[in-house]
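K.L.:
with the sequence up front, the predicted model follows.
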Amino acid sequence: MRQIALILLALFVTACSTMPAEQGAIEPASPLVIAHRGASSERPEHTLAAYQLAIDQGADYIEPDLVMTRDGIFVARHENEISATTDVADHPEFADRRTTKTIDGESLTGWFTEDFTLAELRTLRARERLPRLRPGNTDYDGQFSVPTLAEILELVARQNRPVGIIPEIKHPGYFRAAGLPMEEALVEQLAAAGFDGPEDLVMIQCFEIAPLARLDILSDIRLVQLIAGSGSPADAPNTSYAQMTTPEGLAAIAAYADAIGPDKNLLIPRDEADNLGDPTSLISNAHAAGLLVIPYTFRPENHFLPTSLQSGADPRADGRLEAELSRFLQLGIDGFFTDDPEEGVYARYLLERPALMRELAREAEANGEN
């Protein structure tokens, strides 16, 4: 198994430039609205409340980031360092757990999930990670616990319509080295919940390469190779994400994954004025390789939007997210990660009604909006 993973890693070295692009069919379907950490623009991320609100708003999938506890339980946190997303610093009984670690080459100081049992984590409460940009979410600080994957799966199962789950495994190489391998445990837990094949409403995503290659051997679950806007995967430092977006790199990804999840700026870069520029060929190249394209992350606040789509000067205020999404949807993306699933559902609604979209664009132009 390890040898196969290493062989797949080797596909990204310079020699892969001789590989022909692998062809494949893209299933026609409405673009998927994926709730990035839940409805995280309205509730603290990675809480059951955020996931439930996203489902209520019409999201097709919810996206939990998964890390592990000392006793090998999956919990949902943006990172395994939890000082920004919980009240751990307010617990004197855990003061001696504060430490410094190197995670994927970066030195971090704080409290880490792998140093806590699940029972200990249960004594903590979730907090808003971006309080300056989302002050309204701080009203919910202290109300919610850190959810387990089991609880998230139970939440999905209770819904009155099909809802998918697309977990991201965070730092799996680091966790494996710490004696907490994630891939086998995740496949086993998902299978026990009835998620074990390509027809199921589940996908697994990761920025690293080898864990996805390992998962491709372990299961038939669909896999998403995440691609950052710069840098390299933690487990392949000599392979840049830029290399992975070439036709040769995409063909290599298609050997083990079903989709890419690129930084949205790799599809439409920003210009010098921080507005949307001209699209790249990444979508068409990925589709030619048989890969779906699911970019991240679309957020409603002015702080994250192109200049021309901002509303006023307050970075916390909501701008015209639906207009940004419309530009990307018209390029043929297969889904998208968003902190505001309600706006995502609306943007998809407009995509499917081009006459209404044109009318709204005319009204915006008449009102002097960009």
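P.N.:
Arrived safely. Numbers count the residues shown, from 1 in each chain.

K.L.:
need the helices for the protein, in chain order.
P.N.:
Under the criterion DSSP state H, the chain contains helices at 2-10, 48-56, 118-121, 149-157, 172-177, 183-192, 210-218, 241-244, 247-253, 282-288, 321-329, 341-351, 354-366.

K.L.:
among those, which is nearest residue 139?
P.N.:
Closest to residue 139 of these is helix 48-56 (CB to CB; 11.7 Å). All C-beta atoms are positioned from the backbone trio N, CA, C, and that covers glycine.

K.L.:
so which of the helices of the chain is nearest residue 109?
P.N.:
helix 172-177 (15.8 Å).

K.L.:
what lies in contact with the closest one?
P.N.:
67-68, 80, 103-104, 114, 181-183, 206, 208, 210-211, 234-235 (CB atoms under 8 Å, 6 or more residues apart in numbering).

K.L.:
give me that answer again for 10 Å
P.N.:
Helix 172-177 is contacted from outside by 66-68, 72, 80, 101-105, 113-114, 169, 171, 180-186, 206-212, 214-215, 233-235, using CB atoms under 10 Å, 6 or more residues apart in numbering.

K.L.:
strands of the chain, start to end?
P.N.:
With strands called from DSSP state E, the chain shows them at 32-36, 61-63, 65-68, 74-76, 99-103, 106-110, 164-165, 168-169, 203-206, 222-227, 259-262, 292-293, 335-338.

K.L.:
quick one, the fifth one and strand 106-110 angle?
P.N.:
Right, the one you point to is strand 99-103. Per axes from the mean of the first three to the mean of the last three CA atoms, to 10 degrees, the angle that strand 99-103 makes with strand 106-110 is 150 degrees.

K.L.:
circling back to that earlier point, redo the strands of the chain as CSV? Include mean pLDDT and mean neighbour count.
P.N.:
What follows is these, written out as CSV (pLDDT from 0 to 100; neighbours: other CB atoms under 10 Å):
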stretch, mean pLDDT, mean neighbour count
strand 32-36, 97, 27
strand 61-63, 98, 26
strand 65-68, 98, 25
strand 74-76, 98, 26
strand 99-103, 97, 13
strand 106-110, 97, 12
strand 164-165, 96, 20
strand 168-169, 98, 24
strand 203-206, 98, 27
strand 222-227, 98, 23
strand 259-262, 98, 26
strand 292-293, 98, 25
strand 335-338, 98, 26
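
K.L.:
can you redo the ones you listed as a markdown table with distance to residue 307?
P.N.:
As requested, the strands of the chain are exported to a markdown table (distance: least, CB to CB, whole Å):
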| stretch | distance to residue 307 |
| --- | --- |
| strand 32-36 | 22 |
| strand 61-63 | 28 |
| strand 65-68 | 29 |
| strand 74-76 | 33 |
| strand 99-103 | 34 |
| strand 106-110 | 30 |
| strand 164-165 | 34 |
| strand 168-169 | 30 |
| strand 203-206 | 30 |
| strand 222-227 | 25 |
| strand 259-262 | 22 |
| strand 292-293 | 25 |
| strand 335-338 | 20 |
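
K.L.:
out of the ones you listed, which gets nearest to residue 352?
P.N.:
Among these, strand 32-36 sits nearest to residue 352 (CB to CB), with 12.4 Å.

K.L.:
partners of the closest one, with directions?
P.N.:
Sheet pairing of strand 32-36 (DSSP bridges) gives strand 61-63 (parallel), strand 335-338 (parallel).

K.L.:
can I get these in JSON lines with distance to residue 192?
P.N.:
Output for the strands paired with strand 32-36, formatted as JSON lines (distance: least, CB to CB, whole Å):
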{"stretch": "strand 61-63", "distance to residue 192": "19"}
{"stretch": "strand 335-338", "distance to residue 192": "26"}
